[in-house]
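Enquirer: have a look at this fold, sequence not included:
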């Protein structure tokens, strides 16, 4: 073999297979399993948030339940859909909802699990975050200990939606909770203590009711994250639209 041919063969063996191996290693097939999804953004001019729990089947099918807030309206429904592998470590997720077919492009981690996504429909700006959900059932006692959160939402003032932000520290004990919330409602600072209780339902869904020190009640649909990692809630009260991730940090 002459020198030029030898150099070409060496370059081919070193460069091309390395690219192929890197692509194969980094882009796993989408992973079947249970997931919890939180979505927020705008559809048209309406603020929108969704709390979803779905199962990705090995055959590419999806079955799930969604609780959605669109402005002051809310709905809960079961749905079916599909996921399909795309290039560049992505998957296309399509959900057949009662009002529309929702399409989302999601990026996958090296294990093939969806992590973040964006809706692809016209006049829609919705971002998504996925959380892997174990096969086990969830108990309220799994939240026992300290739970922290940082969240943003919207409050209706009678004419338009205004921004709010809240940080919370909670202490859980087998269902009941007590906590402290520091809030900003359109720039107006508030601080209040609160108590509440969570009632678990099938497949890690739950209902949470809280009352603060001013006597104001707050109502949420929630999903507990398996393994005691915390929970995600979406507010039911029509004049407040808050989707929050609350993370358990200690027993």
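Expert: Arrived safely. Treat the numbers as computed from the prediction; the structure is a model and nothing was measured. Numbering: from 1, shown residues only.
Enquirer: make it CA atoms for all contacts and neighbour counts henceforth
Expert: Noted.
Enquirer: thinking residue 204 is in contact with residue 135, fair?
Expert: No: Residue 204 lies out of contact with residue 135 (Cα atoms under 8 Å); the separation is 10.1 Å.
Enquirer: which of the two has more residues huddled nearby?
Expert: Neighbours were counted for residue 204 and for residue 135 using other Cα atoms under 10 Å; residue 204 has more, 20 against 12.
Enquirer: how about that one, what does it touch?
Expert: With contact set as Cα atoms under 8 Å, 6 or more residues apart in numbering, residue 204 has these partners: 137, 138, 139, 223, 224, 225, 226.
Enquirer: need phi/psi at it.
Expert: phi 70, psi 0 (degrees, to the nearest 10).
Enquirer: so for it, what pLDDT did the model give?
Expert: Residue 204 carries a pLDDT score of 96 in this model.
Enquirer: is the closest residue to residue 146 other than its chain neighbours bridged to anything, and to what?
Expert: Of all residues not flanking residue 146 in the chain, residue 171 sits nearest, at 4.7 Å (Cα to Cα, 6 or more residues apart in numbering). Beta bridges link residue 171 to residue 146, residue 178, judged by DSSP bridges.
Enquirer: now do the contacts for residue 171.
Expert: Contacts here follow Cα under 8 Å, 6+ apart; on that basis residue 171 touches 144, 145, 146, 147, 177, 178, 179.
Enquirer: out of those residues, which are buried?
Expert: Neighbour counting with 16 or more other Cα atoms under 10 Å marks 144, 145, 146, 147, 177, 178, 179 as buried within the contacts of residue 171.
Enquirer: just the residues you listed now: which is nearest residue 28?
Expert: When those are ranked by distance to residue 28 (Cα to Cα), residue 147 comes first, at 33.0 Å.
Enquirer: touching, the closest one and residue 177? I think so.
Expert: No: Residue 147 is beyond contact range of residue 177, at 9.8 Å (criterion: Cα under 8 Å).
Enquirer: which residues do these two both contact?
Expert: 170, 171.
Enquirer: shaky segments in the protein?
Expert: 1-26 (pLDDT under 70).
Enquirer: what ranges does the stretch 151-251 of the chain have for its strands?
Expert: Here the stretch 151-251 of the chain has its strands, by DSSP state E, counting those that start in this stretch, at 161-172, 176-185, 188-200, 205-212, 217-225, 230-235, 240-250.
Enquirer: so which of those gets nearest residue 113?
Expert: Of all these, strand 217-225 sits nearest to residue 113, with 15.8 Å by Cα to Cα.
Enquirer: for the closest one, list every residue counted as buried.
Expert: Under 16+ other Cα under 10 Å, the buried positions of strand 217-225 are 218, 219, 220, 221, 222, 223, 224, 225.
Enquirer: who's in contact with the fourth one?
Expert: The neighbours of residue 221, taking Cα under 8 Å, 6+ apart as the test, are 67, 205, 206, 207, 208, 233, 234, 235, 236.
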